[in-house]
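Participant: Okay, here's the prediction I keep looking at, along with the sequence it came from:
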Amino acid sequence: MVRSELGCRSDWKYACFESLVIPFIAMTQPIGLIQLISEEAMPSLFPILALRPSALFHVTSRGYEQHSAPVLAAAELGRVCPPRESVRHISLPPMPSIVESHHAVQQGIEWIKERGLQPVVNFTGGTKLMSIGSFYAAVQTNTPSLYVDGNRQTFVDGNSAPNLASLLSNGLELGALGSFISLRMVLAAHGCAAENASRQIRDLVTPATALLLNPADEIRTFESVAGKNGAFATLRNSKNVVRWREAGQILFDLPETIGTPAEAAGLVRRSGQRFCLCPDVSHSHEKNHQSKRYRGPDPGKILQRRYQFFEGGWWEIVVANAVATCPLFADVNVNLTVAKGTQLSMEEDVLAIQGIQLAYISCKRGGADKLVRHLEELDASARRLGGKLTRKYLAVCHLPEHMRAGLRERARQLHVTLLEPSEISNPMAFQNAVSV
């Protein structure tokens, strides 16, 4: 079953972050952090979480200034952001030289010292010339420095001053930060925000699992409901919610292995030997959907959602349940609508935190002609929300044998892990697949 914390992070974890003896709390005087900021947010966020600085000095090249504020917003969600009066931001020309970068970071070191803080330089972001200039400034001033190696999940000591690890209670490893990274923190760091709450799927796990474990009946169900000649063939592509209000009158056939758990879950009701979609019996929609006092979902939207469960939404449910019950994942969210700046909002299938990384899981029942193109779209969407460090997954229920080798090769090139029913139905196989 889905864990009770699905879709949220409890505040007590942040209280623990501040009150308990946890990894990475600075062991000496308060720290001021100088950072090169680029479009990759996590190498800037990790040092803030690790060092909990009392002041921040951000250096960007022109055109990348907008990437500073999201990092601060993420740090605020983690309750580790200094007061805004203790944050300074300098913007350099579009292609800063080594000298310009050296001067800016040296200025930051002096600004930090004036506040009685221990300066630390993070030279991960920016161009190579900016990194060289900032590292040189750290060496000249005998200031500790670090590089964030996200792939190996560690801080690399720049050795520009005595051992950086002495400033951290748990050395240079990043792994312990995972317990304090939330999904919304990662989204915020990349300028994104969730517009809704995670979808609650607990009541749908049983009928979805029935479809997973009975593949022949799942195909029969799809053909009966959503197939070319299925009961909803003329309605399935309609986006008109008003038309969907009458969908509860359409009758269709379901195998008993599927119909019984679907009825128990309130998705369908029996009509003789057949079934129809069940309206939301918890509300009198016939009376309330036209009332000014009613604020619930349109009854047509509810019926459409229940149709979509049989069309392929069930696969999304079992994948989300596999993620939520796997110990490698936390903060699992289903069907979040995520907005980024002025871009169109998009609904994402399953998002979670895996260690210190965003896990982006896209679910497709089938659609062989679109799977290869979808891999490219998945890669772009994952980077949009979580940057290069995002763990990417494509869960496919019906993968045609003739395209298996080609799809797996392209997935390997894009660092996308393919998941199929054999992994989703077996917790150990699933854990092995996502551990790679």
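Facilitator: Yep, it's here. Residues are numbered from 1 along each chain as shown.

Participant: elements contacting the helix or strand hosting P261?
Facilitator: Taking DSSP states H and E as the criterion, the element that holds P261 is helix 256-264. Contact here means 3 or more CB pairs under 8 Å, 6 or more residues apart in numbering; DSSP states H and E; on that basis helix 256-264 packs against helix 205-213, helix 215-225, strand 268-271, strand 274-277. In short, each C-beta sits where N, CA and C put it, glycine included.

Participant: Using CSV, lay out those together with mean neighbour count and mean pLDDT.
Facilitator: As requested, the helices and strands packed on helix 256-264 are arranged in CSV below (neighbours: other CB atoms under 10 Å; pLDDT from 0 to 100):
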stretch, mean neighbour count, mean pLDDT
helix 205-213, 21, 98
helix 215-225, 18, 97
strand 268-271, 16, 96
strand 274-277, 20, 96
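
Participant: May I see these organised as a markdown table, with distance to Q343 added?
Facilitator: Shown next, in a markdown table, are those (distance: least, CB to CB, whole Å):
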| stretch | distance to Q343 |
| --- | --- |
| helix 205-213 | 31 |
| helix 215-225 | 33 |
| strand 268-271 | 37 |
| strand 274-277 | 34 |
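
Participant: Just tell me which of those ends up closest to H415.
Facilitator: Comparison of these against H415 by CB to CB identifies helix 205-213 as nearest, at 26.4 Å.

Participant: for the closest one, packing partners?
Facilitator: Under the contact criterion of 3+ CB pairs under 8 Å, 6+ apart, the helices and strands touching helix 205-213 comprise helix 215-225, helix 256-264, helix 314-324.

Participant: chain center to it: distance?
Facilitator: On the basis of CA atoms, centre = their mean, to the nearest Å, the separation between the geometric centre of helix 205-213 and that of its chain is 25 Å.

Participant: Report the angle between that helix and helix 256-264.
Facilitator: Using axes from the mean of the first three to the mean of the last three CA atoms, to 10 degrees, one finds that helix 205-213 and helix 256-264 are set 160 degrees apart in direction.

Participant: ok, back up a step: not counting its own residues, what contacts the helix holding P261?
Facilitator: Helix 256-264 is touched from outside by 206-207, 210-211, 214, 217-218, 221, 254, 268-270, 275, 278, 310, with contacts defined as CB atoms under 8 Å, 6 or more residues apart in numbering.

Participant: wait, which of those residues is closest to L36?
Facilitator: Taking CB to CB as the measure, L36 sits nearest to L211 out of the contacts of helix 256-264, at 49.7 Å.

Participant: what's near enough to touch that closest one?
Facilitator: With contact set as CB under 8 Å, 6+ apart, L211 has these partners: D217, E218, T221, I258, W314, W315, V318.

Participant: nearest to P144, of these?
Facilitator: V318 (47.9 Å).

Participant: Surely that closest one touches L213?
Facilitator: No: no contact is recorded between V318 and L213 when judged using CB atoms under 8 Å, the distance being 9.3 Å.

Participant: Common neighbours of the two, please.
Facilitator: The contact sets of V318 and L213 overlap at S425 (CB under 8 Å, 6+ apart).

Participant: neighbours around G386, how many?
Facilitator: G386 is surrounded by 25 other residues when neighbours are defined as other CB atoms under 10 Å.

Participant: do F232 as well
Facilitator: A count of nearby residues for F232, using other CB under 10 Å, gives 22.

Participant: closest one to V59 among the helices and strands packed on helix 205-213?
Facilitator: With CB to CB, the closest approach to V59 among these belongs to helix 314-324: 37.8 Å.

Participant: Kind regards, and thank you for your time.
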